[in-house]
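**Student:** I'll drop the sequence and a predicted model, then ask my questions.
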Amino acid sequence: MTVATLTALRVDRRRRTVRSVGVTTALACTVAALFVLTMMVGSYRLSAGQVIASVLHLTDNPSVDFVVRGLRLPTALAALAVGLALGASGTIFQQLLRNPLASPDFVGVTSGASLAAVSGIVLLHAAGLAVCAYALGGALLAALLMYVLAWRDGVSGYRFILIGIGVAAFLDGLIGYVLSRARLTEARQAMHWLTGSVGQASDTELRFLLYALLVLLPAAVLLQRQLRALELGDDSARALGVRTELSRASLLAIAVLLVALAVAVAGPIVFVALIAGPVANRLLGPAAGGIAAAALTGAALLLTADLVAVHLLPVPLPTGVVTGAVGAPYLLWLLATTNRQGVGG
Amino acid sequence: MTRLNAQGLSLGYDDRTIVTDLSVDIPDGKVTAIVGANACGKSTLLRGLARLLKPRAGAVHLDGVPLGGMSTVDVAKVLGLLPQSPVAPDGVTVADLVSRGRYPHQGWFRRWTDSDHEAVAKALEATGTAELANRPLQQLSGGQRQRVWVAMALAQDTDLLLLDEPTTFLDINHQVELLRLLRRLNQESGRTIVAVLHDLNLASRFCDHIIAMADGSIIAEGPPVDVITAELVAKVFGLACVIVPDPVAGTPIVVPA
């Protein structure tokens, strides 16, 4: 073994560690800045200092506190939490299935949540927390259905995605049927839920999501090592000493819970889970697959989308409309390029 | 008793049993080739020896302990495997891929250490891929890629190394190059190497020990000169042939009759 090779390896490793830490830190700062910024703008403009002081309970100014803590903080927190959850969940799905198209948006999990929530609103006249619970249950049931249908012989990326698209189409058809049976007020409410908006989260839902994130995100980051081995195929992973079934089931459970909770809280906000991972990978360098970076990218995307949706457009729109408008062209680009390279799965 | 051996081993997928009641000792410190016709169970046997398949009956023992009773990480420190079709993540560089071979030596929180760097550097140099370290795997030729995968298995730093059809899809030059590499790894570090191979002539030339399989059982095993005979080739492959000595090394060469 020569010293040159060893030095080159050390330099390469250090360069990648620096890049990964640097990118993740920069993303965290961006998210923090956006988080504060969303609470500054609006019909009642505030300075960054006022917002930070109010959030941290440093000052006592009732009118500022009412606007910040009462009105803007819940939405900002929801955007942050939902973005983190969608970003982490999306990249885990994509890496586990080795396919950039394997976002929870497409494999039926989101549709399951939507069907359950819409049925709850229309058929059972549910509202508030109950809708959130239905959505959560629906997402988990859809994930279970996918698992039963597609997971028997381990995973092959395309098979899973094709079955996912089939399941999603079936569930979407059922959503259409349920909506057609709805009365006008309920249909409006259901449609609003279906568009997805971080503004609709209630305090209880939000708190639940935040506590869940505190457990699920660190667990996902810890399992990153296993995920990097699983990416090499089941045989290689097992040869390297990974308990493949256990690791995959844990990662999948975390990813499903994250997306299910996010959808339950904010409705189906499309494309964030699809885009966050690839954008983070662009920043980190090829095949880095940082879950923390992807989660932060998801949060940054969603906070930006919320800023645009609520403040920059002449008429405030639900967040889901903005993410959809940005995400759809990206999806087309992804489909076009993966086909050309022939490495879609 | 050798370090890696199997007794009464039965292996299969779903409702098909492919290998039945097979016992084998993998000779220590030698290069062994498993040969046989397509679908004779040679890859299945290799996967069974590497604990990728759970035995239906019987057991594989590594250093006297049944594989099923060892933690999979402990096995991975002693026994490495290069599967038939490993998958590379998009855009992964050679250095990144090879360093993933260090998985079993790293813990939940353990940082990258000097011994990890050294093992990766050794693996890259042994396979002649050190100059490619920063290149994306997808840009390399088939032969280079295969050497990188071998490097990843080497970085795992195991005494035993199993390879499932490592020469498939390589041209003759790269096949010979890869087998020379395995031979050298065996001679330099005394590693036990087992490879599933298709080419009998190359297997005879580069391996110490040949295991010939048909229909899920071992038909013959031993040094190439003893195993590769016209009768055996007729029995295992159904091919009438003449065996002549290799003009360079004197090992048997199969010439269709």
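**Tutor:** Everything's here; your move. Residues are numbered from 1 along each chain as shown, chains lettered A, B, ... in the order given.

**Student:** how about the strands of chain B, start to end?
**Tutor:** For chain B, the strands defined by DSSP state E cover B:4-13, B:16-26, B:31-36, B:57-62, B:65-66, B:79-82, B:160-164, B:192-196, B:209-214, B:217-222, B:241-245, B:252-256.

**Student:** residues near the closest residue in space to residue B:124 that isn't next to it in sequence, how many?
**Tutor:** Nearest non-adjacent residue to residue B:124, counting by C-beta to C-beta, 6 or more residues apart in numbering or on different chains: residue B:130, 4.2 Å away. C-betas here are computed from N, CA, C, even on glycine. When neighbours are defined as other C-beta atoms under 10 Å in any protein chain shown, residue B:130 has 24 of them.

**Student:** got it, and residue A:318?
**Tutor:** Residue A:318 has 25 neighbouring residues, counting by other C-beta under 10 Å.

**Student:** from the centroid of the chain, which residue is nearest?
**Tutor:** Just so you know, I chose chain A. residue A:86 (0.7 Å; C-alpha atoms, centre = their mean).

**Student:** wait, chain B
**Tutor:** Central residue of chain B (C-alpha atoms, centre = their mean): residue B:163, at 2.1 Å.

**Student:** my guess is that residue meets residue B:182, correct?
**Tutor:** Yes. Contact criterion C-beta atoms under 8 Å: residue B:163 and residue B:182 qualify, at 7.4 Å.

**Student:** distance of residue A:232 from chain B?
**Tutor:** Residue A:232 is 6 Å from chain B, where distance means C-beta to the nearest C-beta, to the nearest Å.

**Student:** could I get the average pLDDT for stretch B:189-207?
**Tutor:** Taken as a whole, stretch B:189-207 has a mean pLDDT of 95.

**Student:** so is it next to chain A?
**Tutor:** No. Against chain A, stretch B:189-207 shows no contacts by C-beta under 8 Å from any C-beta of the partner chain, the least distance being 12.5 Å.

**Student:** buried residues in that stretch?
**Tutor:** Across stretch B:189-207, burial judged by 16 or more other C-beta atoms under 10 Å in any protein chain shown covers B:191-207.

**Student:** out of those, which are inside helices?
**Tutor:** Using DSSP state H, the subset of the buried residues of stretch B:189-207 located in helices is B:200, B:201, B:202, B:203, B:204, B:205, B:206.

**Student:** what about the last one, distance to residue B:251?
**Tutor:** When you say that, I think you mean residue B:206. Note on residue B:206: its distance to residue B:251, by C-beta to C-beta, to the nearest Å, is 9 Å.

**Student:** and if you look at residue A:188?
**Tutor:** Distance, residue A:188 to residue B:251, by C-beta to C-beta: 82 Å.

**Student:** out of those two, which sits in the busier spot?
**Tutor:** Looking at residue A:188 and residue B:251 with other C-beta under 10 Å, you find the greater number of neighbours at residue B:251, namely 18 against 12.

**Student:** adding distance to residue B:108, write the strands of chain B out as JSON lines.
**Tutor:** Compiled in JSON lines, those are given as follows (distance: least, C-beta to C-beta, whole Å):
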{"stretch": "strand B:4-13", "distance to residue B:108": "29"}
{"stretch": "strand B:16-26", "distance to residue B:108": "32"}
{"stretch": "strand B:31-36", "distance to residue B:108": "36"}
{"stretch": "strand B:57-62", "distance to residue B:108": "25"}
{"stretch": "strand B:65-66", "distance to residue B:108": "24"}
{"stretch": "strand B:79-82", "distance to residue B:108": "22"}
{"stretch": "strand B:160-164", "distance to residue B:108": "26"}
{"stretch": "strand B:192-196", "distance to residue B:108": "30"}
{"stretch": "strand B:209-214", "distance to residue B:108": "39"}
{"stretch": "strand B:217-222", "distance to residue B:108": "41"}
{"stretch": "strand B:241-245", "distance to residue B:108": "55"}
{"stretch": "strand B:252-256", "distance to residue B:108": "51"}
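
**Student:** wait, doesn't residue B:236 sit right on residue B:38?
**Tutor:** No. Between residue B:236 and residue B:38 there is no contact under C-beta under 8 Å: 11.2 Å.

**Student:** what sits in contact with each of those two?
**Tutor:** Common contact partners of residue B:236 and residue B:38 (C-beta atoms under 8 Å, 6 or more residues apart in numbering or on different chains): none.

**Student:** so for the two, which sits in the more crowded spot?
**Tutor:** The neighbour comparison of residue B:236 against residue B:38 (other C-beta under 10 Å) goes to residue B:236, with 21 against 8.

**Student:** give me the number of residues near the residue lying closest to the more buried one once chain neighbours are set aside?
**Tutor:** Closest residue to residue B:236 in three dimensions, ignoring its sequence neighbours and counting by C-beta to C-beta, 6+ apart: residue B:214, at 4.8 Å. Residues lying near residue B:214 (other C-beta under 10 Å) number 18.

**Student:** same question for residue A:79.
**Tutor:** Using other C-beta under 10 Å, the number of residues around residue A:79 comes to 32.

**Student:** just for the stretch 101-250 of chain A, where's the confidence low?
**Tutor:** A:151-157 (pLDDT under 70).

**Student:** and the residue of it nearest chain B?
**Tutor:** Nearest to chain B, among the residues of the stretch 101-250 of chain A, is residue A:241, at 3.0 Å (C-beta to the nearest C-beta).

**Student:** what's the helix or strand for that residue?
**Tutor:** Taking DSSP states H and E as the definition, one finds residue A:241 inside no helix or strand.

**Student:** can you report phi and psi for it?
**Tutor:** phi 100, psi 20 (degrees, to the nearest 10).

**Student:** show me the contacts for it.
**Tutor:** The contact partners of residue A:241, by C-beta under 8 Å, 6+ apart, come to B:71, B:72, B:73, B:74, B:75, B:76, B:77, B:103, B:104.

**Student:** mind putting these in CSV, pLDDT, neighbour count and distance to residue A:301 included?
**Tutor:** Shown next, in CSV, are the contacts of residue A:241 (pLDDT from 0 to 100; neighbours: other C-beta atoms under 10 Å in any protein chain shown; distance: C-beta to C-beta, whole Å):
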residue, pLDDT, neighbour count, distance to residue A:301
B:71, 93, 11, 41
B:72, 93, 18, 38
B:73, 93, 16, 37
B:74, 94, 13, 43
B:75, 96, 24, 42
B:76, 96, 24, 38
B:77, 95, 15, 42
B:103, 94, 23, 32
B:104, 94, 24, 37
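
**Student:** out of those residues, which comes closest to chain A?
**Tutor:** Relative to chain A, the closest of those is residue B:76; by C-beta to the nearest C-beta it sits at 3.0 Å.

**Student:** which residue is the nearest non-sequential neighbour of the closest one?
**Tutor:** residue A:241 (3.0 Å).

**Student:** what does residue B:255 give?
**Tutor:** Once flanking residues are discounted, residue B:255 sits nearest to residue B:242: 4.9 Å by C-beta to C-beta, 6+ apart.

**Student:** residue ranges of the helices in the stretch 51-200 of chain B, please?
**Tutor:** All helices of the stretch 51-200 of chain B, identified by DSSP state H, counting those that start in this stretch, fall at B:72-78, B:94-99, B:114-126, B:142-155, B:172-189, B:200-206.

**Student:** which outside residues touch the second one?
**Tutor:** Helix B:94-99 is touched from outside by A:9, A:12-13, A:16, A:232, A:287, B:88, B:116, B:120, B:123-124, B:129, B:132-137, B:140, B:148, B:151-152, B:155, with contacts defined as C-beta under 8 Å, 6+ apart.

**Student:** do stretch A:212-225 as well
**Tutor:** For stretch A:212-225, the external contacting residues (C-beta under 8 Å, 6+ apart) are A:81, A:84-85, A:88, A:92, A:247, A:250-251, A:254-255, A:257-258, A:261, A:289-292, A:295, B:103, B:106, B:108.
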